[in-house]
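Undergrad: Requesting a structural model of the entry that follows:
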Amino acid sequence: MTGFVGSAKDIAVGLIEGDPAAQSRAMIIWNDFGIILVILLVFRVFLTLSGWARSGFTPGMRELGIRVERVGGGTPTWSQAVGRFVLQPLLFIATLGFSGFWMLWDPDSRALHDKLLGTKLVRMVRTWEKTKTERKFE
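TA: The predicted structure is shown next:
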């Protein structure tokens, strides 16, 4: 068997049988995988935090037409951006997903991490969107 599946099968069989060469190959693969994960995490942290603190949105949020703001207006502070980045998954796990549905009954439609940090998501007008009169004739 060739390719990734064949290599994975060979390594798994070798690990089960106690083959030192298979163990060595497995460690090399896991080391490479770990390095890739660290690079992706650093990239995500940099992209998300700098976007939230600088402009209030990431490239994906910009395409969706949403941005993060402080409750009083303006872009979030660095501490709010870091807090939002860390609290969002932690609260989701700690509350078994409950924090993600918090916005459904919140009067301001803010998630739990946004309530705790004093931030909110707002809709922003995208420059490429058509006006109502242009959409009416389609």
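Undergrad: Where does pLDDT dip in the chain?
TA: 1-15, 22-23, 127-128, 130-138 (pLDDT under 70).
Undergrad: tell me the contacts of the residue minimising distance to the centre of the chain?
TA: Nearest to the mean C-alpha position of the chain, by CA atoms, centre = their mean, lies Arg44 at 7.2 Å. Shown in contact with Arg44 (CB atoms under 8 Å, 6 or more residues apart in numbering): no residues. Where C-beta positions appear, they are placed from N, C-alpha and C, glycine not excepted.
Undergrad: that's a helix at it, yeah?
TA: Yes. According to DSSP: H, G, I helix; E, B strand; the rest coil, Arg44 belongs to a helix.
Undergrad: any idea how far Glu17 lies from Ala26?
TA: Counting by CB to CB, to the nearest Å, the gap from Glu17 to Ala26 is 12 Å.
Undergrad: Between those two, which is the more surrounded one?
TA: Taking other CB atoms under 10 Å, Glu17 and Ala26 do not tie; Ala26 has more neighbours (16 against 8).
Undergrad: Confirm that one sits in a helix?
TA: Yes. Membership of Ala26 in a helix is supported by three-state DSSP.
Undergrad: What segments of the protein are strands?
TA: 66-70, 119-123 (DSSP state E).
Undergrad: In CSV, list those strands along with mean neighbour count.
TA: Output for the strands of the chain, formatted as CSV (neighbours: other CB atoms under 10 Å):
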stretch, mean neighbour count
strand 66-70, 19
strand 119-123, 17
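Undergrad: mind giving me TSV with the ones you listed and columns for distance to Gly97?
TA: Putting those into TSV (distance: least, CB to CB, whole Å) gives the following:
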stretch	distance to Gly97
strand 66-70	21
strand 119-123	18
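Undergrad: Domains in this protein, by residue range?
TA: Listed domain ranges for the chain are 1-54, 55-138 (source: automatic domain parsing).
Undergrad: out of those, deepest packed?
TA: For these, the largest average neighbour count (mean count of other CB atoms under 10 Å) is found in domain 55-138, namely a mean of 14.
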